[in-house]
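>>> compute the structure for the input listed below.
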Amino acid sequence: MFLQSLKNSSIIVIEYAVYILSFSLFFLVIMYLLSFFMGCLATVLIIEANLHWSSRAKTQEADG
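You can find the predicted model right below:
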């Protein structure tokens, strides 16, 4: 009887450990994707700001 209850409780502990590990892995993947997209967004914004300021400088040079 005691061994059966011990076996059942160890299965429950293993199940919870699997749930926690899978949730943490899912959270890790979500954070990785989020940081990747934020990096892409920052790169695009930097490129656009560069283009904006360089075109503005060219128009000011043309104006004199």
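
>>> just the CA trace of stretch 14-23, in CSV.
Taking Å, rounded to 0.1, in the frame of the first residue of the first chain, the C-alpha atoms of stretch 14-23 are listed here in CSV:
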residue,chain,number,x,y,z
ILE,A,14,7.4,14.1,-12.4
GLU,A,15,4.3,15.4,-14.2
TYR,A,16,4.5,18.7,-12.4
ALA,A,17,8.3,18.9,-13.2
VAL,A,18,7.5,18.2,-16.9
TYR,A,19,4.8,21.0,-16.9
ILE,A,20,7.2,23.5,-15.3
LEU,A,21,10.0,22.6,-17.7
SER,A,22,7.7,22.9,-20.8
PHE,A,23,6.3,26.2,-19.6
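
>>> buried stuff in that stretch?
Within stretch 14-23, no residue is scored as buried using 16 or more other C-beta atoms under 10 Å. Just so you know, the C-beta spots here come from the backbone N, C-alpha and C atoms, and that holds for glycine as well.

>>> what is the mean pLDDT for that stretch?
Taken as a whole, stretch 14-23 has a mean pLDDT of 94.

>>> for Gly64, give me the pLDDT.
Reported pLDDT for Gly64: 60.

>>> tell me which element Phe36 falls in.
helix 2-63 (DSSP states H and E).

>>> okay, now Ala49: neighbour count?
The local packing of Ala49 (other C-beta atoms under 10 Å) involves 10 other residues.

>>> brilliant, that's me finished.
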